[in-house]
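Asker: coordinates only, sequence not included:
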């Protein structure tokens, strides 16, 4: 499938619906008081965490003030998407503590006490209700939050395991802000107007995501959480897909399951992701889309790499355009053919001058991210004021850009390309 065949696009929230400029807004206790102790614990956890740091970790480390000194790391229980938390064992001046940071609901259920104005109190039913109320209030206002907790350890404790994650003292919440991307609402509306359904697949809390959708004017037709999804059979999941466009608190494996379910229902599915755990879904999707700032594993798994993490890139006729692939048979867009594979590019039927057309071709090179320094060889039919002309197009990487050279093709080369184009068109309209 090519981009023009896509009828469903699955995408994350962060960086697509939001600016991905996450900053630590504040750290607060269970009762809502600002707390430097919560920030210190969060910093220790993020600083000593050995896994791939998330944008939330980066925001914590960059927030200041001066980080605590004198601490050393002894051991760690790494983050995973099932536990949704990470714990690090640290020591300073003979004192050893285990510091946990993660999804608030998961952190809270592992706590037996909480901090209140420097005192440690039992986390009874009333306090727990206040904690959940505080968390839901933050989410309802569009903030993301992590729970932070700690536990004193014996002076001889050198190793920790998942079984040690219990009976913590809940310190409070690290609260983050990731502003909505103003262009996202209109971009989603444009794509949906062109017949492309948008499914938002995120690990974030549903109230945060609903708040962002409301700010962008994106209607939520149906919501499903990862916990709900895990209880559904493949058949039951498939039955709910058409009416659900928001999937929250889903693990990477669940994103992949959603894509597979959509494909079984006959959809041509695109997936937009940039993380190391998005690679399986990028492979599974009919059209894997990543961004230039993504991790290498995601870019290697993608079919298309965008230089800008913006849905407008997929819908703006001035850039690579899914609408161009939806032209009616009688109004075929121009086709650029590389090694027999069809790539749609919306030059349209405008009367460009030949040099302008060549410049457009050079711009196209920025979308062909598999360049390794070797020239791209292909034949392109360019409309221009002097009529249609077939050119042999060479796109060669030059530093951060591309250079374009071209020559007239022979009648034999042109006939070959016309045959390939007609075969692709024949298949596109449903013939054998």
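Answerer: Here it is on my side, so go on. The structure presented is a predicted model; accordingly, all values stated were derived computationally and were not measured. Numbers count the residues shown, from 1 in each chain.

Asker: From here on, just use CA atoms for contacts and neighbour counts.
Answerer: OK.

Asker: got a pLDDT number for the closest residue to residue 154 other than its chain neighbours?
Answerer: Distances taken as C-alpha to C-alpha, 6 or more residues apart in numbering place residue 96 nearest to residue 154, at 6.7 Å, with adjacent residues excluded. In this model, residue 96 is scored at 97, pLDDT.

Asker: any idea whether residue 96 is helix, strand or coil?
Answerer: strand (DSSP: H, G, I helix; E, B strand; the rest coil).

Asker: what's near enough to touch it?
Answerer: Residues in contact with residue 96 (C-alpha atoms under 8 Å, 6 or more residues apart in numbering) are 89, 90, 152, 153, 154, 155, 157.

Asker: gap between it and residue 40?
Answerer: Counting by C-alpha to C-alpha, to the nearest Å, the gap between residue 96 and residue 40 amounts to 15 Å.

Asker: Kindly tell me how buried residue 163 is, as a neighbour count.
Answerer: Using other C-alpha atoms under 10 Å, residue 163 has 7 neighbouring residues.

Asker: Make 49 the starting number, not 1.
Answerer: All right, first residue 49 from here; so that's residue 211.

Asker: Relative to residue 331, how far out is it?
Answerer: Noted for residue 211: a distance of 35 Å to residue 331, by C-alpha to C-alpha.

Asker: cool, and residue 151?
Answerer: Residue 151 sits 28 Å away from residue 331, going by C-alpha to C-alpha.

Asker: Touching, residue 142 and residue 205? I think so.
Answerer: No. Residue 142 lies out of contact with residue 205 (C-alpha atoms under 8 Å); the separation is 10.9 Å.

Asker: okay, those two: which has more neighbours?
Answerer: Shown here are residue 142 and residue 205; by other C-alpha under 10 Å, residue 205 has more neighbours (14 against 11).

Asker: Check whether residue 116 sits in a helix, strand or coil.
Answerer: coil.

Asker: where does this structure have low pLDDT?
Answerer: The chain contains residues with pLDDT under 70 at 49-52, 355-356, 361, 363-480.

Asker: For the helix or strand harbouring residue 197, name the packing helices and strands.
Answerer: Using DSSP states H and E, the element containing residue 197 is strand 192-201. Here strand 192-201 touches helix 84-96, strand 143-150, helix 152-156, helix 173-188, strand 216-225, going by 3 or more C-alpha pairs under 8 Å, 6 or more residues apart in numbering; DSSP states H and E.

Asker: how about those in a markdown table, adding distance to residue 336?
Answerer: Converted to a markdown table, the helices and strands packed on strand 192-201 look like this (distance: least, C-alpha to C-alpha, whole Å):
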| stretch | distance to residue 336 |
| --- | --- |
| helix 84-96 | 31 |
| strand 143-150 | 29 |
| helix 152-156 | 32 |
| helix 173-188 | 30 |
| strand 216-225 | 28 |
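
Asker: highest average neighbour count across those?
Answerer: strand 216-225 (a mean of 27; mean count of other C-alpha atoms under 10 Å).

Asker: Quick check: what element follows that strand along the chain?
Answerer: As assigned by DSSP H and E, the chain's next helix or strand after strand 216-225 is helix 230-241.

Asker: Determine the set of other helices and strands touching that next one.
Answerer: strand 245-249, helix 254-264, helix 360-363.

Asker: just to confirm, which helix or strand has residue 57 in it?
Answerer: Here residue 57 is assigned to strand 56-59, by DSSP H and E.

Asker: what does that strand rub up against?
Answerer: Under C-alpha under 8 Å, 6+ apart, the answer for strand 56-59 is 244-250, 307, 315-321.

Asker: strands paired with that strand, and their directions?
Answerer: strand 245-249 (parallel), strand 317-320 (parallel) (DSSP bridges).

Asker: among those, which is nearest residue 337?
Answerer: Relative to residue 337, the nearest member of the strands paired with strand 56-59 by C-alpha to C-alpha is strand 317-320, separated by 4.6 Å.

Asker: Next one: the nearest residue to residue 130 once chain neighbours are set aside relative to residue 76, how far apart?
Answerer: Nearest residue to residue 130, sequence neighbours excluded (C-alpha to C-alpha, 6+ apart): residue 299, at 7.5 Å. Per C-alpha to C-alpha, residue 299 is found 27 Å from residue 76.

Asker: How about residue 131, nearest residue that isn't a chain neighbour?
Answerer: In space, and not counting its chain neighbours, residue 131 is closest to residue 154: 7.5 Å by C-alpha to C-alpha, 6+ apart.

Asker: no wait, residue 261
Answerer: Spatial nearest neighbour of residue 261, chain neighbours left out: residue 267 (6.8 Å); criterion: C-alpha to C-alpha, 6+ apart.

Asker: Just confirm that neighbour is within a helix.
Answerer: No. Counting by three-state DSSP, residue 267 falls outside a helix, being coil.

Asker: Please determine how far it is located from residue 360.
Answerer: 18 Å.

Asker: What about residue 119, how many residues nearby?
Answerer: Neighbourhood size, residue 119 [other C-alpha under 10 Å]: 15.

Asker: if I look at the nearest residue to it once chain neighbours are set aside, how far off is residue 295?
Answerer: Spatial nearest neighbour of residue 119, chain neighbours left out: residue 140 (4.8 Å); criterion: C-alpha to C-alpha, 6+ apart. With distances taken as C-alpha to C-alpha, residue 140 is found 42 Å from residue 295.

Asker: cool, and residue 71?
Answerer: 24 Å.

Asker: More neighbours: those two, which one.
Answerer: residue 295 (27 against 19).

Asker: Check for me that that one belongs to a helix.
Answerer: No. Under three-state DSSP, residue 295 sits outside any helix and is assigned strand.

Asker: who's it bridged to?
Answerer: residue 249, residue 272.

Asker: Please list all residues in contact with it.
Answerer: 247, 248, 249, 250, 254, 271, 272, 273, 274.

Asker: these two touch, right, the first one and residue 291?
Answerer: So the one you mean is residue 247. No. Residue 247 sits out of contact with residue 291 when judged by C-alpha under 8 Å, with a separation of 10.2 Å.

Asker: Between these two, point out the one with more neighbours.
Answerer: Set residue 247 next to residue 291 and count neighbours by other C-alpha under 10 Å: residue 247 wins out with 22 against 11.

Asker: how much space is there between the more buried one and residue 110?
Answerer: Here residue 247 is placed at a distance of 32 Å from residue 110 (C-alpha to C-alpha).
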